[in-house]
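*Asks:* quick one, what's the 3D model for this:
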Amino acid sequence: MSEKRLEGLREDTKRLFFHGWDAYKSNAYPADELRPLSCRGQGHSPSTPFDLYVNDVLGDYVLTVVDTLDTLALLREPALFRRTVEELIPILHVDNNATVQVFESTIRVLGGLLSGHLAALDVDREGEWYKGELLEKARDLGERLLPAFQMSLTGIPFARVNLRYGLPRRSSTETCTAGATSLVLEFATLGRLTREQKFEEAAKKAFYAVWGRRSDKGLLGNAINLMTGVWMTPLMSSIGAGIDSFFEYALKTYILLGEDQFYDVFSESYGAAMRFMRSDDGFWMRGVNMQTGQLATLMVDSLSAFWPGLQVLAGDVPNAIQSHLAYYNLWRRYSAMPERFNTLTKTAEGLEYPLRPEFVESNYFLYLATKDDFYLEVAERILRDIEKRMKVDCGLASMKNIVTGELEDRMESFALSETLKYLYLTFDVSNPINSLDAASVFTTEGHNLALPPSLLRPPSDVHRLLRRGEVRTCPAYFPPEENGIVLGVRGRRDWDYARELSGLRVEDVEAEDRRTLWRPDGVCEKPVTDPFVMEILFTNGVPENKTPTADQVEPIERGFLVKQIGGLRLQITKRFDGAGYDVSKIGPYRVVHGQTVVLADPQLLVQWSHSEAPEPLADLPPEHVVLRFTLRPGGGKETASVNLVAATSTFGPSVYPDPLTSNASSSDFALLSEPFTVSVIPSNAFSCTSHHPRRSDDPPAVLVATRGQCTFYEKAVHAQRAGYAGVITLSDEPSLIRPSVDPVDEAGEPVTIPVLVLPSDGAQEVLGLLDETVEGEVQVQVVKDENLLNRVEHEGRGDQHGQAAEDAQGRILTLNGFAILNTVIEIP
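*Replies:* As a prediction, the model looks like this:
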């Protein structure tokens, strides 16, 4: 996108911001919020004490100004920022007879005062006009919120507190996970800046009190009794409302304070969410039962749109890009983000949109990570939709119904403090905050917090030793390529599929998507995702040992020493850099980042089986095989050959014969069988319709098909019906992918031939051979190749075996071709 266009978008965003800001200042100030349809202010409502929609947020503390202070600074308006701070200081009071929600007061007001204080120190570096007044008001507010923590038996704070009188009588003992755990950033910053540890200690105690009550699956519920610590029904765990910012504060507290314990919490909770909540196509994160991990709801809410942005901060950019696409298509369909969306019926069931920032925030972080202009275009779409649908004469109005366009008489403070802030920063590429190399975060309310090094606590020598191998640098993002052409997000293979998930009609986007709509390899093909977390139980007749002693697993300086692997359950988690997996748990022991798992069991020198535990577990990663393609002109002497790595499917027979049974027959396309003729049918290249049956006297042949137009399962069925011994699909994607099948389809007609997939590089080589010959002159064979698969000897067979060869000393463990990078084999 050109700089001229970006400049215009920055100016349009600021113009829209000041339309809302000026309307508030002229018609509502110093009330908490603006009512844009009636054009008047709104504050705490003591006459309607049970109107929590209003009173939980509004406490008569000039909310819109406090919440928006650092936005003025980030919009590069230092003079206006100074004038606003100087006007605010004498009129802002927090000694109000108002019962407010602890969470909302913390993230909006306490966070706003702290980020405003830090911004004022930056703007007034000489100390000419600012004397720390905002920090003093933040300390006063913090003191008034502390009774919510102090009166709790568990340390989990009560949900509400009266700013003047403390904890109200007959306070509810129910609170939500997000409300109790998303206070650490603000309270820790307050404690460090004032050097009063009680604030930080209270918030941390609450955070760990909730986390310590997670289920065996590593999942948290939505609501908890803060006096008993018992989870409240329906025991649902999700990334949406009630839990969302827990994940955010686990990671961001690590970033701000540098305390590894918070990263460990994030790592475990993120892995659990990705394991149990992620749909099998990788797009939606749905609510599950916290005890069983079973699906509990098909609904997603607008708050969960923060997830792609958090994934970017964690370094998981590929999954962030994918999950963002789902929310993007919701915005495309509704020109807003529905409060709730049913992923089964593909309909919005919550039609409000109060100008929430979560999707805008995720889009901002993805642009910073990828620099793909697609995200600038998304931001522009959001800006224009807000201008067109939510801008009114007296500010910006929330939407009551995104379908009919009906508006609501409320301008939430986060419309200015977050939504328009993130839009502006997306377009303001050179803004200093976008290249800041420091321990700096945006809170869940979009307030920028950063602590000077002098207020950070260095880790102890013992801690440094335990974590010395840890590397936390996020992997660089490299856009995908096809045939040497760099593809942006719009060129993704799952572009059409993601559009279908939102229920968006073809005719609504045909002009916009004309380059990609209905690609042959698009909507018909369900994306395949590798499992993020797996559990493997090493058996060979040894029962599982859930409480291993030091004779089996011993903590050591480097991490853990595994002396006997039989009966151990290992949890392995995918690394964000895509290089492989790490062991994250050994039985009951948590393996933290930087620790090494030393495998010293001599039995690793023989074949061990690792099987599924009694509970359903995720499939193992794709298995790789080597195919040798040979060119034999006229069926005679070999003139050229090439060995290529392919991936098998999750259905159909394996190409590895079972060593415990008889050898494969001559008609089986399997490892070390005789070469098979390669057959290509130009008139049915995709193998999506029936083939002419092969004669009984035809030589055994393997069909080569082009990816797209139908599923891998359908290609295989057409091939096996015609009498082919196997099917190899030529992909146009550079990575190795493993096709799966809908169990309902396979139940109708099981696949009885091997199904393999060659990535684009290999596909081009095969096409090159085929271009030089005709059918019958290219042959294919499944072979062993030490140069390409030097790990085969200690991987074992298929999805159920792993083996360490005698030369494995000092090497890492591999399972199904995937490296377990934090392991090392050291047999005494």
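
*Asks:* quick one: distance of stretch 306-314 to the chain centre.
*Replies:* Averaged C-alpha coordinates place stretch 306-314 at 6 Å from its chain's average position (CA atoms, centre = their mean, to the nearest Å).

*Asks:* and residue 161, helix, strand or coil?
*Replies:* Using DSSP: H, G, I helix; E, B strand; the rest coil, the secondary structure recorded for residue 161 is strand.

*Asks:* residues in contact with it?
*Replies:* Residue 161 is in contact with 99-100, 102, 105, 144-145, 147-148, 167-168, counting by CB atoms under 8 Å, 6 or more residues apart in numbering. Using the backbone N, CA and C atoms, a C-beta is placed for each residue, glycine as well.

*Asks:* and those, which are buried?
*Replies:* Listed as buried from those are 99-100, 102, 105, 144-145, 147-148, 167; burial here means 16 or more other CB atoms under 10 Å.

*Asks:* in helices, which of those fall?
*Replies:* Residues from the buried ones among the contacts of residue 161 lying in helices, with DSSP state H as the criterion: 102, 144-145, 147-148.

*Asks:* okay if I get the buried ones among the contacts of residue 161 as CSV plus distance to residue 316 and pLDDT?
*Replies:* Formatted as CSV, these follow (distance: CB to CB, whole Å; pLDDT from 0 to 100):
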residue, distance to residue 316, pLDDT
99, 40, 95
100, 35, 96
102, 31, 97
105, 32, 98
144, 39, 98
145, 34, 98
147, 39, 97
148, 34, 97
167, 40, 95
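
*Asks:* closest to residue 753 among those?
*Replies:* Within the buried ones among the contacts of residue 161, proximity to residue 753 (CB to CB) peaks at residue 102, which comes in at 61.9 Å.

*Asks:* any idea how far residue 352 is from the residue lying closest to that closest one once chain neighbours are set aside?
*Replies:* Here the nearest residue to residue 102 in space, its sequence neighbours aside, is residue 148; by CB to CB, 6 or more residues apart in numbering that works out to 4.8 Å. Residue 148 sits 28 Å away from residue 352, going by CB to CB, to the nearest Å.

*Asks:* also residue 389?
*Replies:* Separation of residue 389 from residue 352 (CB to CB) stands at 13 Å.

*Asks:* between the two, who's got more neighbours?
*Replies:* Counted by other CB atoms under 10 Å, residue 389 and residue 352 do not tie: residue 352 has more neighbours, with 19 against 16.

*Asks:* next, residue 826: phi, psi?
*Replies:* Dihedral angles of residue 826 (phi, psi; degrees, to the nearest 10) stand at phi -140, psi 90.

*Asks:* could you do residue 237 as well?
*Replies:* phi -120, psi 140.

*Asks:* and what of residue 130?
*Replies:* Reported as degrees, to the nearest 10, the phi and psi values for residue 130 are phi -110, psi 130.

*Asks:* for residue 390, same thing?
*Replies:* Per degrees, to the nearest 10, the residue geometry at residue 390, taken as phi and psi, is phi -120, psi -10.

*Asks:* pLDDT-wise, which helix or strand of this protein ranks last?
*Replies:* strand 801-802 (a mean of 36; mean pLDDT, DSSP states H and E).

*Asks:* who's in contact with whichever strand or helix holds residue 179?
*Replies:* According to DSSP states H and E, residue 179 maps onto helix 177-181. Around helix 177-181, the neighbours that count as contacts under CB under 8 Å, 6+ apart are 101-103, 156-157, 159, 206-207, 209-211, 220-224, 226, 241-246, 249-250.

*Asks:* the same query, at a cut-off of 6 Å, please.
*Replies:* With contacts defined as CB atoms under 6 Å, 6 or more residues apart in numbering, helix 177-181 is touched by 103, 156-157, 159, 206-207, 210, 220, 242-246.

*Asks:* elements contacting the next helix or strand after it?
*Replies:* Using DSSP H and E, the helix or strand that follows helix 177-181 towards the C-terminus is helix 184-194. Packed against helix 184-194 by the contact rule (3 or more CB pairs under 6 Å, 6 or more residues apart in numbering; DSSP states H and E) you find helix 133-145, helix 197-211.

*Asks:* of all those helices, which one is nearest residue 595?
*Replies:* Evaluated over the helices and strands packed on helix 184-194, closeness to residue 595 peaks at helix 197-211, with 19.9 Å, by CB to CB.

*Asks:* which element is the residue sitting nearest the centre point of the chain on?
*Replies:* Central residue of the chain (CA atoms, centre = their mean): residue 311, 4.2 Å from the mean position. Residue 311 is part of helix 307-314, with elements assigned from DSSP H and E.

*Asks:* next one: the helix or strand just after that helix to chain centre, how far?
*Replies:* Stepping forward along the backbone from helix 307-314, the first helix or strand reached (DSSP H and E) is helix 317-334. Here the centre of mass of C-alpha atoms in helix 317-334, compared against the chain's by CA atoms, centre = their mean, lies 12 Å away.

*Asks:* what do you get for stretch 585-596?
*Replies:* With CA atoms, centre = their mean as the basis, stretch 585-596 stands 22 Å off its chain's centre.

*Asks:* and stretch 241-258, by the same measure?
*Replies:* In terms of CA atoms, centre = their mean, the gap separating the centre of stretch 241-258 from the centre of its chain is 14 Å.

*Asks:* which outside residues touch it?
*Replies:* Contacts made with stretch 241-258 from outside it, assessed by CB under 6 Å, 6+ apart, are listed as 176-178, 181-182, 184, 222, 262-263, 265-266, 301, 303, 310, 313-314, 439, 441, 444, 456.

*Asks:* stretch 278-294 too?
*Replies:* Looking at what lies outside stretch 278-294 - CB under 6 Å, 6+ apart - the contacts are 215, 217, 219, 221, 235-239, 276-277, 295-297, 300, 322, 326, 343, 501, 526-527, 529.

*Asks:* are any of these buried, and which?
*Replies:* Buried positions within those, assessed by neighbour count (16+ other CB under 10 Å), are 215, 217, 219, 221, 235-239, 276-277, 296-297, 300, 322, 326, 343, 501, 526-527, 529.

*Asks:* thinking again about what came up before, quick one: mean pLDDT for the helix holding residue 311?
*Replies:* Per-residue pLDDT values over helix 307-314 give a mean of 96.

*Asks:* repeat for stretch 735-755
*Replies:* Regarding stretch 735-755, the rounded mean pLDDT is 72.

*Asks:* ditto for stretch 495-506
*Replies:* For stretch 495-506, the per-residue pLDDT values average out at 88.

*Asks:* in that stretch, which of the residues would be classed as buried?
*Replies:* 495-499, 501-504.

*Asks:* burial of residue 706, as a residue count?
*Replies:* Taking other CB under 10 Å as the definition, residue 706 ends up with a neighbour count of 20.

*Asks:* what residues are bridge-paired with it?
*Replies:* Partner residues in beta bridges with residue 706, using DSSP bridges, are residue 730.

*Asks:* which non-adjacent residue is nearest residue 373?
*Replies:* Using CB to CB, 6+ apart, the nearest residue to residue 373 is residue 1, at 4.9 Å.

*Asks:* same thing with residue 222?
*Replies:* Closest residue in space to residue 222, ignoring its immediate chain neighbours: residue 242 at 4.1 Å, by CB to CB, 6+ apart.

*Asks:* quick one: pLDDT of the one you found?
*Replies:* With respect to pLDDT, residue 242 has a value of 96.

*Asks:* check what pLDDT the nearest residue to residue 207 once chain neighbours are set aside gets.
*Replies:* With sequence-adjacent residues excluded and distances taken as CB to CB, 6+ apart, residue 207 is closest to residue 181, at 4.8 Å. According to the predicted model, the pLDDT of residue 181 comes to 98.

*Asks:* now residue 181: how far from residue 42?
*Replies:* For residue 181, the distance to residue 42 equals 29 Å [CB to CB].
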